[in-house]
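S.K.: Could you work out the structure for the sequence below:
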Amino acid sequence: MKIVPVNRQAGAPSQLRQALKSSGRAFFFVAIFSFFINLLMLTSPIYMLQVYDRVLTARSESTLLYLSLIIAGMMLLMALLEMVRSRVLVRVSGKMDQTLSGKVFDAIFALNLRSPAANRAQSLRDLDTLRQFITSQGPFALFDAPWAPIFIGIVFMMHPLLGLIATVGALILFALAYVTEVTTKKPLNEANLHAIKAASFAEASLKNSEVLAALGMLPGIRRRWRVNQEKALILQAQASDGAGSISALTKFIRLLLQSSMLGFGAYLALEGQITPGVMIAASIIMGRGLAPVEQAIGSWKSFVSARGAYSRLDDLLRAFTPNADTMELPAPVGNVAVDRVVAMPPGANAPTIKGVSFALAAGESLAIIGPSAAGKSTLARLLVGVWAPHSGSVRLDGADVSSWDHEQLGPHIGYLPQDVEIFDGTIKENIARFGTVDAVKVVEAAQLAGVHDLILRLPSGYDTLIGPGGIALSGGQRQRLGLARAVYGNPTFVVLDEPNSNLDSDGEVALVNGLQRLKQMNATVILISHRPSILNHVDKVLLLREGMVEMFGPKQEVIARLTRPVANQPAVPPQGAPPQGQVSGASGA
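M.R.: Okay, the predicted model is just below:
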C-alpha cells in the first residue's frame, strides 16, 4: 500500500495505541493473574504466623507437616501463574511486533523519500525497545502497584503502629520514585537524542568508508562522531549516577523499614499487644507491599527509554498512515503527460523544477539533457512517482503517478537511478526485484541489458550472492545489473538516469541494443545522459536548464538548434503538450 503524509493535528488515530488496545484481552488476563499472584503472596506470612503462634506453642509436628504441604502447593500455583503471566506478555510483544513492524517499515520508507537524511534504523530499534520493555519486569511493577495499599492496610489491621511505619515507608519510597523521574527524565532524553545522532552519523560514514580511508578523513570523522557520543555518555552517566544514588537510598530505607518493623514488632510483642508470629508476618507483608515501588525505581531507566521509544513511534505512525485499498487500474500503455510541474527536493527552499510541461505517446523515447544542477534527476524521480510535485501533475495514461498505488504500478515501471544500489541477496533476486523469481524473465532482462554473459562467468551464475553479504561488483557491473532490474518483466514506462555513466564501450553497445529492444516492445523510454552519442537512439530531446524547458521537440530539430543556433529562434513547441504560450510562459524559455 502507498504511504502518504497525514496532518497530525487532524485527529489521526494512534496506530500504536490501537495495537496495544487490540491486546486488551491479554492485559486483562495478566491483571487477573496478578490478582491471584499477589493474593498467594499472603500465604508466606500466614504460614509464618501459624508456625510461630500455633505450631511452636502446640509443638504439633502433624500441623507443621500439613501447613508445609499446603504452603508448598500454593507456592507452586503462584510460580505457575507467574510463568503464565510472563508468557502472556511475551505473546503480547510478539503480536505487537507483527502488527506494527510492517507499518513502521513502510513509514520509515515514506519518511526516507521525504527526508533522506533521517535516521532510518532508529524507529526499528524503538520498536525493539518497546517490545523488550513489555517482556521485562517493568510491567509487573505496574500490575502489582495497586496491591501496595492493600498490603499496608493488612499491616494496619495487625497493629496501627506497624501500619503507620509501613505507610511512612511507602510515602518515602514514592517520593524517591518521583525524584528519580524529575532528575533523570531530561538527561536521559537528551542522552538518547545524542546517541541517536551519533549512531546515524556513524551509519552514514560507514557507507563511505573507502573515501574516508583514501583521503585520510577518519580522524576528523571520528572526532565529529565522538562529540555526540561523549555528550550521550556524559548525560547518561549523570542520569545513572542520580538514579544509582536514589536506588541505594531506596535500598537503605527499605532495609531500615524492615528492621524498624521487626524492632517495633518485638517491642509490641514484649508488651503483649501482638504475638511473635504477627511481628514476622507484618514485616513480610510490608516488604511485599513496597516491592513494586522499589522494582519500579530499579527499572526506571528502561521505562524512560520505552517511553521515549513510544513517543517517537507514535509520532512516526501518526505522520504516515496507509491509504485505504484503491481500485486496481488497468496496466498502463505508456502515454506520458507532464503538465506545468513545479517541484523541489526534500529539504530544499526553492524549486528546482519550474513549470515543466511535455508529453510522449506510448512507444516514444526521450533524452533529457542539460547542464549539472538543471533538475534532471529531480524530474526523473517525479516521472516515476518517487517524489510528488508541489504543483502540476505527472500522468501515465491519465492517472497521476504520485498517487497511484506503487505496488500495482511498480511492475509496469522500469527505473535506473543515477546511484545504483545493489541489495544483499543473489543476482536473480536483485533482477527480479526480490519478488517471485521467474527464471525466464530474469534471463530475458539480463540479455536485454547485455549482462547475461557477465553473470554466467560469476562463481555461481545467477545464484551468486552480491551486495553487503556477497561479492563486490564494479560500478559498470552494478549499472548493467540495475538496468536488468529496471527492464525486468517488460515494463511499459522506463526512466534511466545516466545509464551509461560507468559503462565501457561494450556496455555502451549493450545499452544501445537494449534501447532498440525496448523500442521494439513499444515501451516509452526517458533517459538522462550527458553523452551526446545517446541522442542518436531517441525520438525526442528535451533541454532542461535551471529547472525550465529551454528546448523540446524531435531529435533532429533540437540537435540542429544546438549545433547551428539561430538568433531569436522561438522554442520548438512540445508535441502533445499544452499550447506554446503555456509552455514558454511556464518554463521561461
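
S.K.: Please identify the helix or strand for the residue minimising distance to the centre of the chain.
M.R.: By C-alpha atoms, centre = their mean, the chain has its centre lying nearest to S123, at 3.6 Å. Secondary structure from DSSP states H and E places S123 in helix 122-134.

S.K.: Surely I466 and K428 touch.
M.R.: No. In this structure, I466 is not within contact of K428 by C-beta atoms under 8 Å, at 10.4 Å. Heads up, the C-betas are built off the backbone N, CA and C, glycines and all.

S.K.: Tell me where the model's unsure across the protein.
M.R.: Across the chain, residues meeting the criterion (pLDDT under 70) sit at 1-13, 113-121, 204, 207-211, 215, 321-327, 468-470, 564-589.

S.K.: care to break it down by domain?
M.R.: Annotated domains of the chain cover 12-136+317-322, 145-298, 336-587 [automatic domain parsing].

S.K.: Would you mind measuring from the closest residue to D97 other than its chain neighbours to V30?
M.R.: Take D97 and drop its neighbours on the chain: the residue closest to it by C-beta to C-beta, 6 or more residues apart in numbering is R131, 5.4 Å away. In this view, R131 and V30 are 16 Å apart by C-beta to C-beta, to the nearest Å.

S.K.: Output stretch 496-510 as PDB, nothing but the C-alphas.
M.R.: Extracted in PDB, the C-alpha atoms of stretch 496-510 (Å, rounded to 0.1, in the frame of the first residue of the first chain):
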ATOM      1  CA  LEU A 496      17.000   5.700 -17.000                       C
ATOM      2  CA  ASP A 497      19.100   8.300 -15.100                       C
ATOM      3  CA  GLU A 498      22.700   8.400 -16.500                       C
ATOM      4  CA  PRO A 499      22.500   4.800 -17.600                       C
ATOM      5  CA  ASN A 500      25.900   5.000 -19.300                       C
ATOM      6  CA  SER A 501      27.900   7.000 -16.700                       C
ATOM      7  CA  ASN A 502      30.000   3.900 -15.700                       C
ATOM      8  CA  LEU A 503      29.900   1.900 -18.900                       C
ATOM      9  CA  ASP A 504      32.800   1.000 -21.100                       C
ATOM     10  CA  SER A 505      32.500   0.600 -24.900                       C
ATOM     11  CA  ASP A 506      31.000  -2.900 -24.600                       C
ATOM     12  CA  GLY A 507      28.500  -1.700 -22.000                       C
ATOM     13  CA  GLU A 508      27.600   1.300 -24.200                       C
ATOM     14  CA  VAL A 509      26.900  -1.100 -27.100                       C
ATOM     15  CA  ALA A 510      24.700  -3.300 -24.800                       C
END
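
S.K.: Pull out the buried positions in that stretch.
M.R.: Going by neighbour count (16 or more other C-beta atoms under 10 Å), the buried part of stretch 496-510 is 496-503, 507-508, 510.

S.K.: Let me know the closest of these to A243.
M.R.: Of all the buried residues of stretch 496-510, A243 sits closest to D497, with 52.1 Å by C-beta to C-beta.

S.K.: these two touch, right, the closest one and P417?
M.R.: Yes. Under the criterion of C-beta under 8 Å, D497 makes contact with P417 at 5.4 Å.

S.K.: Between these two, which contacts overlap?
M.R.: 377, 380 (C-beta atoms under 8 Å, 6 or more residues apart in numbering).

S.K.: hang on, the earlier thing: out of the domains of the chain, the one nearest L329 is which?
M.R.: The minimum distance between L329 and these falls on domain 336-587, with 5.8 Å, by C-beta to C-beta.

S.K.: could the domains of the chain be laid out in CSV, adding distance to Y310?
M.R.: As requested, these are exported to CSV (distance: least, C-beta to C-beta, whole Å):
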stretch, distance to Y310
domain 12-136+317-322, 6
domain 145-298, 12
domain 336-587, 26
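
S.K.: quick one: which of the ones you listed is nearest E328?
M.R.: Among those, domain 336-587 comes nearest to E328, with 5.4 Å by C-beta to C-beta.

S.K.: can you give me the offset of that closest one from its chain's centre?
M.R.: 29 Å (C-alpha atoms, centre = their mean, to the nearest Å).

S.K.: ok, now stretch 143-157?
M.R.: The answer for stretch 143-157 is 41 Å, by C-alpha atoms, centre = their mean.

S.K.: List the buried residues for the helix holding S123?
M.R.: Residues of helix 122-134 classed as buried by neighbour count (16+ other C-beta under 10 Å): 122-123, 126-127, 129-131, 133-134.

S.K.: Determine which two of those residues are furthest apart.
M.R.: Q122 and I134 (19.0 Å).

S.K.: that older thread, now, which of the buried residues of stretch 496-510 sits nearest L76?
M.R.: D497 (68.1 Å).

S.K.: Quick check: phi and psi at the nearest residue to L396 once chain neighbours are set aside.
M.R.: Once flanking residues are discounted, L396 sits nearest to P332: 4.9 Å by C-beta to C-beta, 6+ apart. Dihedral angles of P332 (phi, psi; degrees, to the nearest 10) stand at phi -70, psi 150.

S.K.: what sits against P332?
M.R.: 396-397, 399, 409, 412, 492-493.

S.K.: what's the closest of those residues to A26?
M.R.: The closest of those, once distances to A26 are taken by C-beta to C-beta, is L409, at 39.1 Å.

S.K.: What ranges does the stretch 201-350 of the chain have for its strands?
M.R.: 320-322, 336-343 (DSSP state E, counting those that start in this stretch).

S.K.: In what element of secondary structure is S393 found?
M.R.: Per DSSP H and E: strand 391-396 holds S393.

S.K.: Correct me if wrong, but L527 is in a strand.
M.R.: Yes. Assessed with DSSP: H, G, I helix; E, B strand; the rest coil, L527 lies in a strand.

S.K.: what bridges to it?
M.R.: Beta-bridge pairing for L527 (DSSP bridges): A367, L496.

S.K.: which ones are touching it?
M.R.: 365-368, 495-497, 499, 515, 534, 538.

S.K.: If we use 10 Å, what do you get?
M.R.: 365-369, 380, 416, 494-500, 511, 515, 518, 534-535, 537-538 (C-beta atoms under 10 Å, 6 or more residues apart in numbering).

S.K.: Which members of those are positioned in strands?
M.R.: Per DSSP state E, strands hold the following members of those: 365-369, 416, 494-497.

S.K.: At which residues are the helices of the stretch 201-350 of the chain located?
M.R.: Assigned by DSSP state H, counting those that start in this stretch, the stretch 201-350 of the chain shows helices spanning 209-214, 218-270, 276-298, 300-319.

S.K.: Mean neighbour count, the ones you listed: which tops it?
M.R.: helix 276-298 (a mean of 23; mean count of other C-beta atoms under 10 Å).
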